[in-house]
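>>> What follows is a protein structure lacking sequence information:
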Ligand code: T1G
């Protein structure tokens with residue numbers, strides 16, 4: 001079909017075809033990330049057919065508009081019937097193309113997007129591009145040929161590592177691996193792609209389809225797959241899809257391409273059907289959904305945050321200062337004593353240098369970040385700060401004094417935030433004279449590592465202040481979740497109930513090791529007591545002492561854990577707590593001294609120990625959390641179940657393949673949970689087992705919680 005040198009774009013919305021000289025350019029334009037949904041799949045096939053039929057096009061080029069190459073299949077389609085063409089069908093179409101097809105990559109070519117590129121004959125990337133197959137993070141595996149083509153390009157060992165990690169590689173690493181054929185420094189992906197096409201046409205090469213290449217897999221180590229399976233069984237015993245990934249890549253090495261592709265499809269569908277896929281995708285969207293606060297209009301104006309103050313150079317204050325420095329925001333770090341400042345800044349430098357030793361920071365970057373943190377004893381240097389975060393001692397008197405001073409010192413419009421984990425944000429706000437500018441920013445230790453940030457809205461916090469801090473959370477790499485004011489807010493309030501039950505189970509006859517084993521078998525990275533040792537027994541002990549002194553009716557009676565704290569057994573930081581620790585090791589070792597303290601505590605309280613089943617441990621630790629979460633929803637302290645899911649996923653290591661606390665509760669069965677809570681309410685009693693009305697209602701109506 002004769003055609004002019006430049007044809008008009010034939011609109012295959014969201015995929016367009018237009019010829020540039022001898023090159024047929026296929027452009028995908030489907031914001032925000034060019035996800036390969038049904039429209040893109042259909043458009044790609046139509047545009048490919050148009051290019052193959054265009055006699056003036058000797059080569060075809062696939063590029064994407066917007067900020068990124070295709071970032072994967074459209075996750076929102078999962079769990080629904082997939083309208084043809086499926087992505088494997090699109091990829092097969094590319095594979096059989098009678099003209100060379102080039103993919104030119106910018107942004108992040110991920111998942112099915114990278115699989116489209118793998119089915120092209122040539123791949124080029126701009127210097128800043130990243131390429132990855134993150135399906136394992138969604139409980140899946142690359143289901144459009146990735147497990148069959150990637151080993152043929154980069155070798156089975158490297159392909160397995162890349163698919164099992166799910167992490168992207170940069171353009172230069174991709175070039176070194178053989179994943180891309182060229183990296184272009186400068187210009188757009190379109191220009192890079194056109195240059196690649198001109199080179200290909202000039203040297204008259206006709207590159208082989210990746211599916212026919214076998215050189216890289218012929219030399220696969222036969223023991224690779226057995227070793228990988230053993231490693232997975234040890235490191236990720238709970239997960240389903242990683243083992244399927246090993247099976248699929250093994251098929252690439254041992255079977256002809258067509259059979260390997262069929263095997264991949266079987267394994268992909270098995271992963272798609274697994275509850276872990278549902279949980280991980282819920283967790284993926286949860287992290288994004290919580291950024292949209294119900295009742296906070298999307299267009300709420302926000303304030304610029306160009307300079308931040310942090311009050312307190314202790315562990316939390318130092319970690320918080322690092323969060324802002326890491327985002328390139330200058331920080332004034334204030335402490336009441338020079339020695340505290342020096343200790344704090346030295347700890348920050350040690351943290352950065354430890355990261356540099358792992359190769360994740362250069363020495364220059366360490367110095368850059370340290371230069372952004374300005375230590376001082378003087379509040380006057382906070383005068384032009386746009387935000388001040390207080391991370392001082394957990395005492396209302398101390399905090400009110402600080403906030404009174406901040407109210408006098410900081411410029412109008414400065415946002416004043418407290419990092420308190422238990423105290424009343426409204427009482428703190430009242431000390432400033434400007435409560436509309438005050439809220440809680442509850443970081444989790446270590447603040448520079450944990451992604452969760454509870455954004456605690458006070459009664460008078462303005463929309464603008466809330467919107468500003470929610471946007472700032474994302475800017476500093478945190479998962480910000482808006483919560484209301486109550487004791488322990490959301491995360492710690494739920495944790496407190498699990499802790500109360502864990503303690504009681506041990507008093508009644510279980511061991512700390514048994515409680516921790518049940519929780520780690522459920523999927524938590526740490527059991528309750530090993531986590532307590534990590535955070536420090538003294539932290540909880542002081543809070544319990546404060547509540548007892550204040551005559552709090554819900555305060556817990558002194559127990560064996562308090563005895564350990566009184567003996568100076570604070571946990572890992574003293575090499576002994578609920579467990580003991582060898583020097584330099586974090587591995588918890590049961591300690592007969594602790595067993596003796598527990599037995600003594602039982603005798604003192606007249607408790608005759610009894611055998612406790614694992615099932616009882618599981619129910620009492622997990623169902624008490626669900627019951628408390630339902631009460632938090634009832635009270636409006638959290639707006640939605642997804643907020644509570646995100647908090648426990650990103651603040652406490654709730655296993656992400658279970659989706660989140662309430663996502664899991666719905667799968668576990670609210671009827672079973674409600675019935676068990678009512679049984680424990682009868683048998684154990686206490687405020688923690690008083691059944692949530694919302695839980696009972698949802699269970700009775702047979703609907704998920706919070707819907
Ligand atoms: N499908 C649908 N929506 C997506 C999406 C996707 N793949 N990726 C992102 N979004 C939405 C996201 O929900 C948000 O929506 C908006 O885009 C911006 O995302 C067959 C089966 C690409 C690195 O796992 O890692 O291919 O909140 O806020 O921080 O083998 O999004 O604005 O309404 O995250 O700049 C494999 C997942 C799929 C990539 C961009 N691909 N996405 O990060 O923006 S499975 C992935 C990301 C697959 C095949 C298999 C990130 C990003 P909203 P964002 P960002």
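Nice, I can see it. Bear in mind the structure is a predicted one, so any value in this text is a computation, not a measurement. Numbering: from 1, shown residues only.
>>> can we go C-alpha only for contacts and neighbour counts from here?
Noted.
>>> which residues does the closest residue to residue 135 other than its chain neighbours contact?
With C-alpha to C-alpha, 6 or more residues apart in numbering as the criterion, residue 135 has its nearest non-adjacent residue at 5.0 Å, and that residue is residue 141. For residue 141, the contact set (C-alpha atoms under 8 Å, 6 or more residues apart in numbering) comprises 135, 147, 163, 241-242, 244-245, 267-268, 271.
>>> Now for whichever residue of the stretch 501-650 of the chain sits closest to the ligand: which residues touch it?
Closest residue of the stretch 501-650 of the chain to the ligand, C-alpha to the nearest ligand atom: residue 642 (13.6 Å). Contact analysis of residue 642 by C-alpha under 8 Å, 6+ apart lists 286, 289-290, 660, 662-663.
>>> and the closest residue to the ligand within the stretch 201-350 of the chain, what is it in contact with?
At 5.1 Å from the ligand, residue 288 is the closest residue in the stretch 201-350 of the chain, using C-alpha to the nearest ligand atom. Shown in contact with residue 288 (C-alpha under 8 Å, 6+ apart): no residues.
>>> Distance check, it against residue 77.
17 Å (C-alpha to C-alpha, to the nearest Å).
>>> got it, and residue 65?
From residue 65 to residue 77 the distance is 22 Å (C-alpha to C-alpha).
>>> Which one of these two is surrounded by more residues?
Legend: neighbour count by other C-alpha atoms under 10 Å for residue 65 and residue 77, higher for residue 65 (19 against 13).
>>> What sits closest to the more buried one if chain neighbours are left out?
Per C-alpha to C-alpha, 6+ apart, closest to residue 65 is residue 29, 5.0 Å.
>>> Over to residue 313?
Residue 313's closest residue in space is residue 344 (C-alpha to C-alpha, 6+ apart), at 4.9 Å.
>>> what's next to the helix or strand containing the one you found, contact-wise?
Using DSSP states H and E, residue 344 maps to helix 338-357. Residues outside helix 338-357 that contact it (C-alpha under 8 Å, 6+ apart): 313-315, 318-319, 322, 333-335, 361-363, 366, 370, 375-377.
>>> Could you list the low-pLDDT ranges of the stretch 1-150 of the chain?
Where the stretch 1-150 of the chain drops to pLDDT under 70, the residues are 1-12.
>>> which stretches of it form helices?
Counting by DSSP state H, counting those that start in this stretch, the stretch 1-150 of the chain has helices at residues 38-53, 87-95, 112-118, 146-154.
>>> quick one on the thing from earlier: and the residue nearest to residue 65, how many neighbours?
22.
>>> got it, and residue 393?
Neighbour number of residue 393 under other C-alpha under 10 Å is 13.
>>> So the nearest residue to it once chain neighbours are set aside: helix, strand or coil?
Excluding its sequence neighbours, the residue lying closest to residue 393 (C-alpha to C-alpha, 6+ apart) is residue 399, at 7.6 Å. Per DSSP: H, G, I helix; E, B strand; the rest coil, the secondary structure class of residue 399 is helix.
>>> Identify the residues contacting residue 399.
Counted by C-alpha under 8 Å, 6+ apart, residue 399 has contacts 390, 392-393, 428.
>>> Mind giving me the PyMOL select for those, buried ones only?
A single PyMOL command selects the buried members of those (16 or more other C-alpha atoms under 10 Å):
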select buried, resi 390+392+428
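>>> Which of the contacts of residue 399 sits closest to the ligand?
Among the contacts of residue 399, and counting by C-alpha to the nearest ligand atom, the member closest to the ligand is residue 390, at 28.2 Å.
>>> Residues in a beta bridge with the closest one, which ones?
Residue 390 has these beta-bridge partners by DSSP bridges: residue 311, residue 418.
>>> what sits against it?
Residue 390 neighbours (C-alpha under 8 Å, 6+ apart): 310-312, 317, 399, 416-419.
>>> confidence score at it?
According to the prediction, residue 390 has pLDDT 97.
>>> do residue 315 as well
On the pLDDT scale, residue 315 gets 88.
>>> got it, and residue 205?
78.
>>> For it, what are phi and psi?
Main-chain torsions, residue 205, degrees, to the nearest 10: phi -80, psi 150.
>>> and stretch 155-164, how far from the chain's centre?
23 Å (C-alpha atoms, centre = their mean, to the nearest Å).
>>> what does that stretch rub up against?
Counting by C-alpha under 8 Å, 6+ apart, 132-136, 141-142, 147, 150-151, 168, 216-217, 220, 224, 242, 245-246, 249, 253 sit against stretch 155-164.
>>> change it to 7 Å
With contacts defined as C-alpha atoms under 7 Å, 6 or more residues apart in numbering, stretch 155-164 is touched by 133-134, 136, 150-151, 216-217, 220, 242, 249.
>>> So whichever residue of the stretch 351-500 of the chain sits closest to the ligand, which state does it fall into?
In the stretch 351-500 of the chain, no residue comes nearer to the ligand than residue 474, which is 8.8 Å away by C-alpha to the nearest ligand atom. Following three-state DSSP, residue 474 is assigned to helix.
>>> For it, grab the count of nearby residues.
15.
>>> Residue 585 too?
Neighbour tally, residue 585, other C-alpha under 10 Å: 10.
>>> do the same with residue 604
10.
>>> contact partners of the host helix or strand of it?
Here residue 604 sits within helix 592-605, counting by DSSP H and E. Helix 592-605 is contacted from outside by 507, 559-560, 578, 608, using C-alpha under 7 Å, 6+ apart.
>>> just checking: which of those residues also lie near the ligand?
Among the contacts of helix 592-605, no residue is within reach of the ligand (C-alpha under 6 Å from any ligand atom).
>>> Drop anything exposed from these.
Judged by 16+ other C-alpha under 10 Å, buried ones among the contacts of helix 592-605: 507, 559-560, 578.
>>> Quick check: residue 651 touching residue 449?
No: at 10.2 Å, residue 651 and residue 449 do not qualify as touching, with contact defined as C-alpha atoms under 7 Å.
>>> Looking at the two, which is more packed in?
Neighbours were tallied for residue 651 and for residue 449 using other C-alpha under 10 Å; the higher tally belongs to residue 651 (20 against 15).
>>> mind listing what the more buried one touches?
Residue 651 neighbours (C-alpha under 7 Å, 6+ apart): 444, 450-452.
>>> average pLDDT for stretch 480-499?
Here the average pLDDT along stretch 480-499 is 94.
>>> contacting residues around it?
Outside stretch 480-499, the residues touching it (C-alpha under 7 Å, 6+ apart) are 290-291, 293, 421-425, 452-458, 470, 473-474, 621, 624-625, 628-629, 637-638, 643, 647-648, 688.
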